[in-house]
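Enquirer: The sequence and its predicted three-dimensional model are supplied below.
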Amino acid sequence: MVTKFRLRGYDAPLVRCIVILILSPVSPPSRPILAVSLALIGSVALTGCVSMAPDRETPIVAAEMPESFAQAGAGDAGAYVPQKWWRAFEDPVLDQLVDQALQSNLDIAESAARLRQASAQARVSRAALIPQANLTGNATETSTPIDGLAFGDLAGGAPITRIDNEAYTLDLGASYELDLFGRARDDFRAARQDAIASAQDLKTVQLSAAAETISAYFDYVDAARQITLNENTIEVLQDRVQRTDERFSRGLVDSFELYQIRQDLRSSESALPQLRSTLVATKSRLALLLGVYPSELDEALSQPLRPRLVFEPVPAGLPIEILAQRPDVAANYERLEAARLRIGARRADRFPTISFSASIGTQAGSPGNVFDFSSNWASSLVAAVTAPIFDAGRINANIAAARATYDAQAAAYARSVISAFGEVENALADYDQQRERYRLISAQLAEANSSLDLQKRRFEAGTGGYLPYLDALRTVYAVETSLSSAARSTALARLGVHRALGGDWADGIEPVAIEMRPADDAEIDQGDPS
């Protein structure tokens, strides 16, 4: 099989001519100079031009994405604007918590560090494209024994049985590998794509941190509201039990009604500890998302928590836009590109490598003469060609592994595209249904309040009893409890739409670095004393 590679802007004959000139037989004195000169010409002419990576391909599922969302209604048309969309809830406490989460969330800090790591790795890979220079200094002292006849016997003097020598060198050396087949450049480009993917990962974590903070906040608001309504219901039921017990004592009601009211009271009382536990757990969840301890949220959560519900449809835009808006999809695409480039780098391993090295410096027998460049200078110039002949299938196995990685990443990218599209469809449908549910429960609450008002007026006019009023009041609290839950579900459904559509929620916000302090000796010495 013939391996194909592409030249961007240059023809293959240029490459062949340069290689032939470098390797052609010329007179010994001029060959190194010619080799280095041609290497410089070749490196300038060919750097970034050759790649043996396969052509870029787009998975079918991304290329044939539907033109619109089936669940998007007429009111959902228009461009999607994701930046700080939660401010539509008009809740300063929520705004404060989300901003703090985007700055101090520990998952974001970890992801930001991984981005810096990936960027540094890309710079490490880029270093292979640039000539390397080193300054070396050596001081050597040797003492070597002499076997056989001593030199001193020939001169009639004392025998010389060892040779002592001192040598001092100072060299400035440079080396460079001509990336003729694009191996180093494709490795660098792949590392750069990995760094870009890490940047998208950071956006994914930022989006997740903001979304989880918003979700936890609405869970906290709902739990606090549920506790208040439950306590109000308990007060009504306690009054209802007392009055029913009095009526039972007078024989006006049977025992079944009394026991039923008591069971309702016990049910409401038993729900209260669970609600309080949920409130504490939700507060701890918020604290973790903000990277603080729960007690540090007391001041913020002690303020009135009254987020405005938003019922306007979210403009979803076009499905194709989620490929750029969703950072997880974009990260998978960048990793697909990195895997493609690494195939080219591994293919290039099949071909010879051409390297050049040169050095100039001084050599002397004493430290004082090592800086005398006029009489003690020394130089070297080396051009080397290394070609693989037998490697027991290592190169082909690396190519096969790189290709398998590419195929796996292509499947991951296609899966993320389909998943993102489905999440948007589901989120749009859920938002519509939750808004309808909230509307229906609101209508139910209006009817419950009308019934309560009627029972109150009848009781005040002396035409109705107090117990029907208490029952109507308890019904209002029960419907308000359902409405609180529906409000939470509606807000989270809207959050789900924004989360599914993606986008740069944290525009202009940088994560704060984690503060560190030196550990005490007592903190460090925790090992086994044995």
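Expert: Nice, thanks for sending it over.

Enquirer: where are the low-confidence patches of the stretch 101-250 of the chain?
Expert: 147-160 (pLDDT under 70).

Enquirer: All the strands of it, residue numbers only.
Expert: Secondary structure of the stretch 101-250 of the chain (DSSP state E, counting those that start in this stretch): strands at 132-145, 162-178.

Enquirer: ditto for the stretch 351-500 of the chain
Expert: Using DSSP E, counting those that start in this stretch, strands in the stretch 351-500 of the chain cover 353-364, 377-386.

Enquirer: Provide the strand pairings for the last one, with the direction of each partner.
Expert: Counting by DSSP bridges, the strands paired with strand 377-386 are strand 353-364 (antiparallel).

Enquirer: so what's S451 up against?
Expert: By C-beta atoms under 8 Å, 6 or more residues apart in numbering, the contact list for S451 reads 472, 475. For the C-beta atoms, the positions are set from N, CA and C on the backbone; glycine is no exception.

Enquirer: sorry, back to before: please identify the most buried of the strands of the stretch 351-500 of the chain.
Expert: strand 353-364 (a mean of 18; mean count of other C-beta atoms under 10 Å).

Enquirer: sorry, back to before: kindly compare burial across the strands of the stretch 101-250 of the chain and name the winner.
Expert: Comparing those by mean neighbour count (mean count of other C-beta under 10 Å), strand 162-178 ranks first with a mean of 15.

Enquirer: strand partners of that one, parallel vs antiparallel please.
Expert: Paired strands of strand 162-178, defined by DSSP bridges, are strand 132-145 (antiparallel), strand 353-364 (antiparallel).

Enquirer: Only the C-alpha atoms, please, for the first one, written as CSV.
Expert: Spelled out, it's strand 132-145. Only the C-alpha atoms of strand 132-145 are listed here, as CSV (Å, rounded to 0.1, in the frame of the first residue of the first chain):
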residue,chain,number,x,y,z
GLN,A,132,18.0,23.6,20.2
ALA,A,133,21.2,25.2,21.6
ASN,A,134,23.2,24.3,24.7
LEU,A,135,26.3,25.6,26.4
THR,A,136,28.5,22.9,27.9
GLY,A,137,31.6,23.2,30.1
ASN,A,138,33.7,20.2,31.1
ALA,A,139,36.7,19.7,33.4
THR,A,140,38.4,16.3,33.2
GLU,A,141,41.3,14.9,35.1
THR,A,142,42.5,11.4,34.3
SER,A,143,45.3,9.1,35.7
THR,A,144,46.0,6.0,33.6
PRO,A,145,48.4,3.1,34.5
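
Enquirer: one step back: could you dump the strands of the stretch 351-500 of the chain to JSON lines with distance to P294 and mean pLDDT?
Expert: Output for the strands of the stretch 351-500 of the chain, formatted as JSON lines (distance: least, C-beta to C-beta, whole Å; pLDDT from 0 to 100):
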{"stretch": "strand 353-364", "distance to P294": "59", "mean pLDDT": "90"}
{"stretch": "strand 377-386", "distance to P294": "62", "mean pLDDT": "90"}
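
Enquirer: Can I get those in CSV including distance to D432?
Expert: Converted to CSV, these look like this (distance: least, C-beta to C-beta, whole Å):
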stretch, distance to D432
strand 353-364, 61
strand 377-386, 65
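
Enquirer: isn't T490 right next to R308, touching?
Expert: No: between T490 and R308 there is no contact under C-beta atoms under 8 Å: 11.6 Å.

Enquirer: Neighbour count: those two, which is higher?
Expert: In this view T490 and R308 are compared by other C-beta atoms under 10 Å, and T490 has more residues nearby, 23 against 9.

Enquirer: Please report the distance of the more buried one from L323.
Expert: As judged by C-beta to C-beta, to the nearest Å, T490 and L323 stand 29 Å apart.

Enquirer: Could you dump the strands of the stretch 101-250 of the chain into TSV with distance to T475 added?
Expert: Shown next, in TSV, are the strands of the stretch 101-250 of the chain (distance: least, C-beta to C-beta, whole Å):
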stretch	distance to T475
strand 132-145	81
strand 162-178	82
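
Enquirer: and of the ones you listed, who's closest to N232?
Expert: When those are ranked by proximity to N232, the top entry is strand 132-145, at 76.4 Å, counting by C-beta to C-beta.

Enquirer: Which residues does the closest one contact?
Expert: Counting by C-beta under 8 Å, 6+ apart, 161-176, 361, 367 sit against strand 132-145.

Enquirer: and stretch 440-448, what's its mean pLDDT?
Expert: Throughout stretch 440-448, pLDDT has a mean value of 96.

Enquirer: Can I get that stretch in CSV, CA atoms only?
Expert: Extracted in CSV, the C-alpha atoms of stretch 440-448 (Å, rounded to 0.1, in the frame of the first residue of the first chain):
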residue,chain,number,x,y,z
LEU,A,440,-53.2,24.5,35.8
ILE,A,441,-52.1,24.5,39.5
SER,A,442,-52.4,28.3,39.5
ALA,A,443,-56.0,28.0,38.4
GLN,A,444,-56.6,25.4,41.1
LEU,A,445,-55.1,27.8,43.7
ALA,A,446,-57.5,30.6,42.5
GLU,A,447,-60.4,28.2,43.0
ALA,A,448,-59.1,27.2,46.4
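
Enquirer: what's the nearest residue to Q434 if we skip its chain neighbours?
Expert: A493 (4.1 Å; C-beta to C-beta, 6 or more residues apart in numbering).

Enquirer: got the contact list for the one you found?
Expert: With C-beta under 8 Å, 6+ apart, A493 has these contacts: 427, 430-431, 433-435.

Enquirer: go with 10 Å
Expert: 314, 427-435, 437-438 (C-beta atoms under 10 Å, 6 or more residues apart in numbering).

Enquirer: Distance to R183 added to the strands paired with strand 162-178, as a markdown table?
Expert: Conversion of the strands paired with strand 162-178 to a markdown table gives the following (distance: least, C-beta to C-beta, whole Å):
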| stretch | distance to R183 |
| --- | --- |
| strand 132-145 | 16 |
| strand 353-364 | 8 |
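
Enquirer: To T213, which of the ones you listed lies closest?
Expert: Closest to T213 of the strands paired with strand 162-178, according to C-beta to C-beta: strand 132-145, at 47.6 Å.

Enquirer: ranges for the helices of the stretch 351-500 of the chain?
Expert: With helices called from DSSP state H, counting those that start in this stretch, the stretch 351-500 of the chain shows them at 373-376, 394-461, 466-501.

Enquirer: So which of those helices has the densest surroundings on average?
Expert: helix 466-501 (a mean of 20).

Enquirer: What average pLDDT does that helix get?
Expert: pLDDT averaged over helix 466-501 gives 93.

Enquirer: what's the angle from that helix to helix 394-461?
Expert: Angle, helix 466-501 to helix 394-461, by axes from the mean of the first three to the mean of the last three C-alpha atoms, to 10 degrees: 160 degrees.

Enquirer: For the closest residue to A128 other than its chain neighbours, give me its contacts.
Expert: Excluding its sequence neighbours, the residue lying closest to A128 (C-beta to C-beta, 6+ apart) is A184, at 4.1 Å. Applying C-beta under 10 Å, 6+ apart to A184 gives the contacts 47, 125-130, 177-178, 345, 348, 353.

Enquirer: again with E231
Expert: 268-269, 272, 275, 477.

Enquirer: of all the residues you listed, which comes closest to A224?
Expert: L275 (9.0 Å).

Enquirer: Excluding residues flanking it in the chain, which one is nearest that closest one?
Expert: Nearest non-adjacent residue to L275 (C-beta to C-beta, 6+ apart): I227, at 4.9 Å.

Enquirer: What's the separation between the spatially most central residue of the chain and P327?
Expert: The structure's the chain has its C-alpha centroid closest to D201; by C-alpha atoms, centre = their mean the separation is 2.3 Å. Using C-beta to C-beta, one gets 7 Å for the distance from D201 to P327.

Enquirer: Cool, thanks, talk later.
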